[in-house]
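1. I would like the atomic coordinates for the input below:
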Amino acid sequence: MKHEARLFHKQLHFGMNRFEAKCNDHFFKIHRDIIRKVVSECVTCIQAQPLKTKEKLVHIIASRPMERIQIDLIDTRRYRDSNGMTAWILTAIDVYSKFAWAFPLAGKTGKEVCENLEALFLNVGGPPKILQSDNGKEFVNRDMDDLCGRFKITVKHSRPRHPQSQGQVERLNQTITRYLQKFVFEEEKQTGIDGSLKLWKKYLSQVVYNYNLALHSATKKTPFRLFLQISGFNTVMTPDNSESDLDTLEPIIEVVNREPSVLPQYLARMDKRTSVYNSKYDFAVGDTLTIAKNFDNNSEMKKLKLSSFFSKEEKRTEILSEDRVKIEYGEKIEIISISRIKKK
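-> Okay, the predicted model is just below:
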């Protein structure tokens, strides 16, 4: 049965779950261990699968609202003609409370970004202590320097090609994009309008408001409650709350909290998912391995489309330390990081 499964896999090169479903359609039930072995031994799949490296997570936390704000942009240029020439969305998130803001922009010039940020600071009662962004030209310019100088804001930029440093606002961008997509799809389904228009702009404020009203997994509280010290008003009237006379905008008792709002259990869970110690080697001396190629953004080292992630050579190893190994293939010897190795 393993031989038949291997021949069938060569026609598909699916991952384990999809391949198991296909096998169950074509054969009698094949044991999952056989399927796992067939997929894991496929050299073609090994070379095509990118290496998922795990770095030790550095938590970015704050002890009060407006201590640190992360900002970023969402690219919507493809749908600018049907959304009043709006081509970008400036997003911002308060690291302490997870409270979010979003501003539609016609362009991503430093002037437009700074005008919206200044309006944000004035409307919430003051600027943040730290403003964090990537190194894009829209965030690194004279206008931004002037704004941060006037408001005495400390600017921090994430390192190039490392979106994890901007993790909270990047995750916010995914959430906003996904929910805008759902609203747009629902409108297309109900009205039959042209699906290529993607009329997202009119839903942006509602999506961000709903986000701030929802319980956040990191704090187990809503951004409204942590940032504004109010519950927020539920705009969705259901049979359960439509007859209620409860004033959801009633202020709650203010508590001065100088501790991080993120739950320790949440941080521990994130550490467990991303810990470098989760990626200890699972091979022994003499095992046959494949080695991840070194890619960079320069013209000589950059990865081309459809090229493999891993080398074809079969190499044998000698373990030197917890993070270094000696690789031998043919007459060549190389010492490399353990993070570049995948067992065949």
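2. Every contact and neighbour count from this point should use C-alpha atoms.
-> Fine.
3. my read is Ile335 is in a helix, agree?
-> No - in this structure, Ile335 is strand, not part of a helix, as judged by DSSP: H, G, I helix; E, B strand; the rest coil.
4. isn't it right up against Lys326?
-> Yes - Ile335 is within contact range of Lys326, at 4.4 Å (criterion: CA atoms under 8 Å).
5. These two: which has the busier surroundings?
-> Lys326 (18 against 14; other CA atoms under 10 Å).
6. Using CSV, list the CA coordinates for stretch 71-85.
-> The C-alpha trace of stretch 71-85 is given here as CSV (Å, rounded to 0.1, in the frame of the first residue of the first chain):
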residue,chain,number,x,y,z
ILE,A,71,1.2,52.7,12.6
ASP,A,72,1.2,51.2,9.1
LEU,A,73,-0.6,51.4,5.7
ILE,A,74,-2.9,49.1,3.8
ASP,A,75,-2.6,49.2,0.0
THR,A,76,-6.0,49.5,-1.7
ARG,A,77,-4.8,51.2,-5.0
ARG,A,78,-6.5,48.5,-7.1
TYR,A,79,-9.9,49.7,-6.1
ARG,A,80,-9.3,53.5,-5.9
ASP,A,81,-11.6,54.4,-8.9
SER,A,82,-14.7,52.9,-7.1
ASN,A,83,-13.8,54.4,-3.7
GLY,A,84,-13.5,58.1,-4.4
MET,A,85,-9.8,57.8,-5.4
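7. can you list the domain ranges for this protein.
-> When the chain is parsed with automatic domain parsing, its domains come out as 1-41, 68-261, 275-344.
8. Give me the pLDDT value at Tyr329.
-> Looking at Tyr329, its pLDDT is 68.
9. Of the domains of the chain, give the one that comes closest to Ile60.
-> Nearest to Ile60 among those is domain 68-261 (7.6 Å), distances taken as CA to CA.
10. What's the mean pLDDT across the closest one?
-> Mean predicted confidence for domain 68-261 is 82.
11. Surely Phe103 forms part of a helix?
-> No - judged by three-state DSSP, Phe103 forms no part of a helix; its state is strand.
12. How about it: what's its closest non-neighbour residue?
-> Leu90 (5.0 Å; CA to CA, 6 or more residues apart in numbering).
13. what pairs with that neighbour across the strands?
-> Applying DSSP bridges to Leu90 gives these bridge partners: Leu73, Phe103.
14. Quick check, it in contact with Ala100.
-> No - Leu90 lies out of contact with Ala100 (CA under 8 Å); the separation is 10.7 Å.
15. where's Arg150 relative to Pro127, distance?
-> With distances taken as CA to CA, to the nearest Å, Arg150 is found 10 Å from Pro127.
16. same question, Asp143
-> 16 Å.
17. try Ser165
-> 21 Å.
18. go on, Val184?
-> From Val184 to Pro127 the distance is 34 Å (CA to CA).
19. Ile153 now?
-> 7 Å.
20. Tell me which of those two has more neighbours.
-> For Ile153 versus Pro127, the count of surrounding residues by other CA under 10 Å is larger for Pro127: 22 against 16.
21. Phi first, then psi, for the spatially closest residue to that one that is not a sequence neighbour.
-> Leaving aside its chain neighbours, Pro127 sits nearest to Phe121 (4.7 Å; criterion: CA to CA, 6+ apart). Phi and psi for Phe121, reported as degrees, to the nearest 10, are phi -60, psi -40.
22. ok, how many other residues are close to Phe121?
-> Neighbours of Phe121 using other CA under 10 Å come to 14.
23. Likewise for Ala268?
-> 10.
24. residue ranges of the helices in the stretch 151-300 of the chain, please?
-> In the stretch 151-300 of the chain, the segments counted as helices under DSSP state H, counting those that start in this stretch are 167-191, 204-213, 223-228, 264-274.
25. Deepest-packed of these, please.
-> helix 223-228 (a mean of 21; mean count of other CA atoms under 10 Å).
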